[in-house]
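Asker: Requesting a structural model of the entry that follows:
(chains A and B, ligands or ions: 1)
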Amino acid sequence: MKEHLERVKAQDFDNGEFIEKVMQSASNISNEYSAFITMAKDKPNGILPISVKDNICTKGIRTTAGSKILDTYVPPFDATAVSKAKASGGFVIGKTAMDEFGFGTFSTNCAYGAPKNPHNKERVCGGSSGGAACVAYAADFPHIAIAQSTGGSITAPAAFTGTVGLTPTYGLVSRWGLIDYANSMDRIGVIGKCSYDAALGLSIISGYDPLDSTSMNRGATDYVKSIGNDVKGMKIGVPKEYFDGVDKDITENVWKSIKLLESMGATYEEFSLKLTKYATPAYYIIALSEASTNLAKFCGIRYGIEKQISGNYDEYFSAIRELGFGTEAKRRIILGTYARMSGYRDAYYIRALKIRGKIISEFKAAFKRYDSIATPSMPILPPKFSEINSLTPAQTYSMDRLTTAPNLCGFPTISVPAGTINGLPSGIQLIADHLNENKLVALASACE
Amino acid sequence: MGVMIGLEVHCQLNTDSKLFCSDSQDHRGKRPNENTCPICLGFPGSKPKISKKAIEHGMTIALALNCNISRTMFFSRKTYFYPDMSKNYQITQYEVPLATEGLLSVGDLKIRIRRVHIEEDPARLVHVGGDITNSEYTLMDYNRSGVPLAEIVTEPDFTSPKQTRAFLEKLMNMLEHTGVYDPGKEATIRVDANVSIDGGERVEVKNITGFENVEKALNYEIIRQNSLKRSQMKIARETRHFDATTSTTKSLRKKEYEDDYGYIFDPDLPMVRIDDEWLAKIKRLMPELPDQRVARFVSQYGLTEYYAGVIVYTDKRFADFYEECCRSNGHPDIVAKWAVNYLLKSLNWRSEKISDSKVTPKGFVEFLALIENGKLNERFAKELIKEYVDTGVSPGELLYKTKLNISEEDLRDIIAKVLKENGRAIEDYRSGRKESLQFLIGLVLKETKKQSNPNEISKLLTEMMPR
Ligand SMILES: [Zn+2]
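Answerer: Numbering: from 1, shown residues only, chains lettered A, B, ... in the order given. Below you'll find the predicted structure:
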């Protein structure tokens, strides 16, 4: 990427030829790995190829959020992250595959086909930004994948594909144009081949946006500057709960990365995050409560497929939703609706909000002592598609246990490759206090 | 226990924009669905942004109703599936509303206000070929979608439908005085009324427009519930709809249990904090309220409580009209007398409000000047004001046109006198000398100092001529 930008700067570059090559290559990746839902059709213009997760609106390019219910939705506006990327010379090559509305850990709940892991096509890419990570790894051209996370949807596929996934502080990147899963946690971030690409991508898409009321009012930051910054003296906390039940080889690789950082002058300390076991249930309760209201609009009146159906409007809504949503979407709508109904609301939704507050405090206290917290990115190596079918929903949800807490609390994270095991990638997740992306970029580039 | 009534009043707020987008709040004269954008249509990917002005209007209402204002508040999603909502949830306030625990006095009646909160208006449904219960099909107009509403919820403190009407009239007058509500923009006030008798089940009549209709709907409901009770039938807990054409209510849906809207905090909208400075600013900008205005009219214009009250409580524009007239007429008591006793009566006769009428302060002041200068006698003035309200032609012009500065009654007296004194001319006229009529008209004109109309005199003369 760095070399590409230098060539562009030196005008040692034929743009038309470049774009043609990129589009051809992207199309090959799409055919090979089912990484895209929709390819850009109009001849694009720009110097920086970007792929956009399909739940992020692109003006004039179909945006389905991975769901059949939005099969024909073509947004009339760009998401702010996309318009910012365009303003920096970016052009959209296509919309990347994902679990329907982000509902998944493996990119297997896909209405338009599951993306395949470029390391081994029998295995999953991770989710829900699976297509984004797949393209980031497979691309033989400079590229930034605009991805998105609610509970770990950037970290998981980054770890499974051996790419760098940066999930920024909640509010740093505008959510305008993001089709909501759980608004209080949804974050747009980036996946790239290396920490340079991720840092560059974040520098381009971050910044205040009046269209998103939860956007932070701060100026643009150049995160690329933090690449290669000295990690000497940085303190890293290693929470023991985050190694429970983690694949032994992955644990080993993560420790190798920590020791590598130590060799560069960082120090580490093991400690305990006692509320860890509450994070995943709290995450799912809040996320699904919000999701069940977000998905209410897809009922066949203004949004969602349209059909001639007799009966009253309730019957019509039910028929359309029955038809348009996949199994996991239906499961999450029902769970989320249940958690916020009177009689259950206090025991689930309100209680989960309180737990979120406590978990934030626990992390904040840890960040008084540590610059960053290091954990494995995922507890397992990328599984085979055939293995996924035997998992119960609860087992699948538990795969998110290392990523739910930072997502629940809006802390920035970066997932960096931590070596391979039998040719399959593993990842280390670094978490920092709000707005400390610069520390994450420095640590990530040191790990590479 | 008797009758217990509580009201939920929804008032469209007079802001520039809608509650969460920059579309105009005012959609008069626009084609259906023209006044919309991705936000108020709930496009996937769009996000709401709160209008500060709407919150300020809400604060003004809360202060006028003597409420406690919450210093931090949230917006919530009230989820229910209904075709008038683009998102199938309404953004409203639930746990922490803008304000609580207020009071509004209407004469001796004290009505407690439970809460005031801000929410978005849904779209307008047009039921083609019938009403909500039996129409052929329904059209949706989102021009109204997202218009800011203040919902004012009372405690069930009313014991008669008549009280609710008096309350609503006072409330509307107050809202108009605060400037947060502008009926000129065709803003509406919609009312949901809860009514129960003798501690029985609560029936909700939804979406009533017009205060007269609120009273009618409640009267009908009380009669209906009483007759059910007399025939020992169960009063079901339900939601009903008021049919204005028949003045009856119809069942919409039975309620087995409380509505369950599954409220969550709207995660797109951060907490709103009202600090001391903001609250002080709204207090400082608080306009004069009706009760204060009545007191001022008494002291400033020397009016009696009665006149001041009638002028202010009729409606804000009538009070504005009165003050405008007083600026160019030095006798506020005379202005008040004519405004209340004659102008208002003529307006009421036509069921017109001053703001919809052709009457202007300039015209009314001119009318009063004609009386004061002796060009118009009081008896005739009472007739002329009616004509002015009817036609809008300025009083001076009316007087010039008709020259009829004399009431018909007075004219008849004069004609009778002239006829009595001129038996000879009458006989001449009868024997065919038509010019005798002109002679008689001349006499009458002379008697009225030319302040009457010859055509009118001719008509009356032939009519009153002894046969
Ligand atoms: Zn709008």
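Asker: number of nearby residues for residue 179?
Answerer: Defaulting to chain A. 30 (other CB atoms under 10 Å in any protein chain shown). Using the backbone N, CA and C atoms, a C-beta is placed for each residue, glycine as well.
Asker: right idea, wrong chain: chain B
Answerer: B:Gly179, neighbours per other CB under 10 Å, totals 14.
Asker: Who are the contact partners of residue 253?
Answerer: Using chain A here. A:Asn253 is in contact with A:418-419, A:421, A:426, A:428, counting by CB atoms under 8 Å, 6 or more residues apart in numbering or on different chains.
Asker: That was the other one, I meant chain B.
Answerer: Going by CB under 8 Å, 6+ apart, the list of residues near B:Arg253 reads B:238-239.
Asker: does it count as helix, strand or coil?
Answerer: strand (DSSP: H, G, I helix; E, B strand; the rest coil).
Asker: how close does it get to chain A?
Answerer: Per CB to the nearest CB, to the nearest Å, B:Arg253 is found 11 Å from chain A.
Asker: do the same with B:Arg31
Answerer: Computed as CB to the nearest CB, the B:Arg31 to chain A distance reads 18 Å.
Asker: now swap in B:Ile189 and tell me
Answerer: 27 Å.
Asker: Without its sequence neighbours, what residue ends up closest to that residue?
Answerer: Leaving out its chain neighbours, the residue that sits closest to B:Ile189 by CB to CB, 6 or more residues apart in numbering or on different chains is B:Cys11, at 5.1 Å.
Asker: Quick one: residues contacting the one you found.
Answerer: The contact partners of B:Cys11, taken as CB under 8 Å, 6+ apart, are B:61, B:149-152, B:175, B:180-181, B:187, B:189.
Asker: Three-state assignment for it, please.
Answerer: Secondary structure for B:Cys11, judged by three-state DSSP, is strand.
Asker: Contact residues of the stretch 201-350 of chain A facing chain B?
Answerer: Within the stretch 201-350 of chain A, the positions lying close to chain B (CB under 8 Å from any CB of the partner chain) are A:210-214, A:289-290, A:292-293, A:296-297, A:299, A:301-303, A:313-314, A:317, A:337, A:340-342, A:345, A:349.
Asker: filter those residues to the buried ones?
Answerer: Neighbour-count burial (16 or more other CB atoms under 10 Å in any protein chain shown) applied to those gives A:211-214, A:289-290, A:292-293, A:296-297, A:299, A:301-303, A:317, A:337, A:340-341, A:345, A:349.
Asker: For B:Ser86, grab phi and psi.
Answerer: phi -70, psi -30 (degrees, to the nearest 10).
Asker: sorry, that was for A:Glu6
Answerer: Per-residue torsions, A:Glu6: phi -70, psi -40 (degrees, to the nearest 10).
Asker: Tell me how many other residues crowd it.
Answerer: Per other CB under 10 Å, the neighbour tally for A:Glu6 reads 11.
Asker: okay, it: pLDDT?
Answerer: According to the prediction, A:Glu6 has pLDDT 85.
Asker: With B:Ala217 instead?
Answerer: So B:Ala217 comes in at 90 (pLDDT).
Asker: What is the burial count for it?
Answerer: That count, for B:Ala217 with other CB under 10 Å as the rule, works out to 27.
Asker: Then B:Lys446?
Answerer: 11.
Asker: circling back: in strands only, show me the contacts of B:Cys11.
Answerer: Counting by DSSP state E, the contacts of B:Cys11 place B:149-152, B:189 in strands.
Asker: got these as CSV, with pLDDT columns?
Answerer: Formatted as CSV, those follow (pLDDT from 0 to 100):
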residue, pLDDT
B:Leu149, 94
B:Ala150, 95
B:Glu151, 96
B:Ile152, 96
B:Ile189, 85
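Asker: Select, from the residues you listed, the two members most distant in space.
Answerer: B:Glu151 and B:Ile189 (10.9 Å; CB to CB).
Asker: Confirm B:Ile208 sits in a helix?
Answerer: No: looking at B:Ile208 with three-state DSSP, it is strand, so not inside a helix.
Asker: Identify the residues contacting it.
Answerer: So B:Ile208 contacts B:190-193, B:214, B:217, B:242 (CB under 8 Å, 6+ apart).
Asker: and with 7 Å instead?
Answerer: By CB atoms under 7 Å, 6 or more residues apart in numbering or on different chains, B:Ile208 lies in contact with B:190-191, B:193, B:214, B:217, B:242.
Asker: could you pull out the helices for the stretch 51-200 of chain B?
Answerer: Assigned by DSSP state H, counting those that start in this stretch, the stretch 51-200 of chain B shows helices spanning B:52-64, B:161-178.
Asker: closest one to the ion among these?
Answerer: For the ion, the closest of these is helix B:52-64, at 13.5 Å, according to CB to the ion.
Asker: Tell me the helices and strands packed up against the closest one.
Answerer: strand B:109-120, strand B:148-154, helix B:161-178, helix B:276-284 (3 or more CB pairs under 7 Å, 6 or more residues apart in numbering or on different chains; DSSP states H and E).
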